[in-house]
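Asks: structure for the following, please:
(one chain, ligands or ions: 1)
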Amino acid sequence: MAFPIVRHRRLRQNAAIRGLVRETVLTVDDFIQPIFITYGSGVKNEISSMPGVFHFSLDTLEEELKEIVELGISAVLLFGIPSEKDSVGTSGFDENGIVQEATRVIKSLYPDLLVVADTCLCEFTDHGHCGMVHTFERDGHVHGDVLNDESLELLTRTAVSQAQAGADIIAPSNMMDGFVYAIRKGLDEAGFSHVPIMSYSVKYASAFYGPFREAADSAPQFGDRKTYQMDPANIREALREAESDVQEGADMLMVKPALAFMDVIRLLRDQFDLPLVAYNVSGEYSMVKAAAQQGWINERAIVTEMLLGMKRAGADIIITYFAKDMARWLRERN
Ligand code: PBG
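Replies: Residues are numbered from 1 along each chain as shown. Down below sits the predicted model:
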């Protein structure tokens, strides 16, 4: 059957019909809002490369949480900026570390708001890498290798301390081999077998993290992350990464970044049955904000289209700095 019997425009002729046949919908239940928590007091500073996103100290967090909860958002993802850094990231697994303290504050104010803890060391190490490093000098430059198995122990301690503080979900973003297994074992042994792991399974070494590294003060001080994060040219490797995480006990898989990796989201959706998370990262946010500030694009329409695309590609959950904006826009539409 073909034209003139078939006319695709019949189902597009008005908003009501378009609504009936719409295949993908965004709801506030889809979103996780990232939050940056810093040491000090009285802090609410806008991150210059991420307009509308702030650093909060523990005492200014409440107002932000209230807004998030009132908008109906059910989960936040925590990133911490500690006052002290060292070579092994001690402040990451300190029971009084910034993420642990923030978790306690959130759980005491809003027990039902899910706290997702990003488990990594790059915000807590003075060299800015995601694990322990072995450094050496060559040609007057500092070089370093990130030590895989040694780092697993520190990352596991970090995850356990986050769970002890009350984190509901552990989201390891470090890209060491075997991190899901190590953290699962550590959590289980510490009595947290009920705490799910949302694994950053397929995390690319991406320039789209640029604004985040300013926000989290976590840029590597030498080298880059290409020996542990994935090459953006690869997709078969994404299957191997995800497969390992499934075997090691991950409860949810993630693809990060999202926009330039929609094919990877689709592939993982088709190949695995676990809930799938897309991380709409800092650079994807900042590009839109910058263009919107110039008046070059319609922000709301662009964000809606981007997030719909991620969901249509197969994501069940979207981590996005637009969560609050989107929740507001969805409410206005209803
Ligand atoms: C920590 C981590 C990063 C992001 C989330 N967790 C930075 C990185 O790997 O360099 C990036 C998030 C974003 O850009 O929004 N490893």
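
Asks: going forward, measure contacts between C-alpha atoms and count neighbours the same way
Replies: Fine.

Asks: residues from the stretch 201-334 of the chain in reach of the ligand?
Replies: 208-209, 212, 281-282 (Cα under 6 Å from any ligand atom).

Asks: hmm, try it at 8 Å
Replies: 203, 205-206, 208-213, 218-219, 225, 229, 257, 279-283, 320-321 (Cα under 8 Å from any ligand atom).

Asks: how about Asn234, secondary structure?
Replies: Recorded secondary structure, Asn234: coil (DSSP: H, G, I helix; E, B strand; the rest coil).

Asks: use 248 as the first number for this chain going forward.
Replies: Got it, first residue is 248 now, which makes that one Asn481.

Asks: give me the pLDDT for it.
Replies: pLDDT recorded at Asn481 is 98.

Asks: relative to Tyr451, how far out is it?
Replies: Separation of Asn481 from Tyr451 (Cα to Cα, to the nearest Å) stands at 9 Å.

Asks: which residue of these two possesses the greater neighbour count?
Replies: In this view Asn481 and Tyr451 are compared by other Cα atoms under 10 Å, and Tyr451 has more residues nearby, 25 against 11.

Asks: is it true that that one touches Asp478?
Replies: Yes. Under the contact definition of Cα atoms under 8 Å, Tyr451 touches Asp478, with a separation of 5.9 Å.

Asks: narrow the residues of the stretch 448-581 of the chain next to the ligand to those in helices?
Replies: 457-460, 529-530 (DSSP state H).

Asks: just send those back as JSON lines, with distance to Trp543 too.
Replies: Compiled in JSON lines, those are given as follows (distance: Cα to Cα, whole Å):
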{"residue": "Gly457", "distance to Trp543": "22"}
{"residue": "Pro458", "distance to Trp543": "21"}
{"residue": "Phe459", "distance to Trp543": "23"}
{"residue": "Arg460", "distance to Trp543": "26"}
{"residue": "Ser529", "distance to Trp543": "19"}
{"residue": "Gly530", "distance to Trp543": "17"}
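
Asks: now, which of those sits nearest the ligand?
Replies: The ligand lies nearest to Ser529 out of those, by Cα to the nearest ligand atom, at 3.6 Å.

Asks: contact partners for that closest one?
Replies: Contact analysis of Ser529 by Cα atoms under 8 Å, 6 or more residues apart in numbering lists 297, 455-459, 568.

Asks: list only buried entries from these.
Replies: 297, 455-459, 568 (16 or more other Cα atoms under 10 Å).

Asks: okay if I get the contacts of Ser529 as a markdown table plus distance to Cys367 and pLDDT?
Replies: Compiled in a markdown table, the contacts of Ser529 are given as follows (distance: Cα to Cα, whole Å; pLDDT from 0 to 100):
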| residue | distance to Cys367 | pLDDT |
| --- | --- | --- |
| Met297 | 21 | 98 |
| Phe455 | 18 | 98 |
| Tyr456 | 15 | 97 |
| Gly457 | 17 | 96 |
| Pro458 | 17 | 97 |
| Phe459 | 14 | 95 |
| Tyr568 | 19 | 98 |
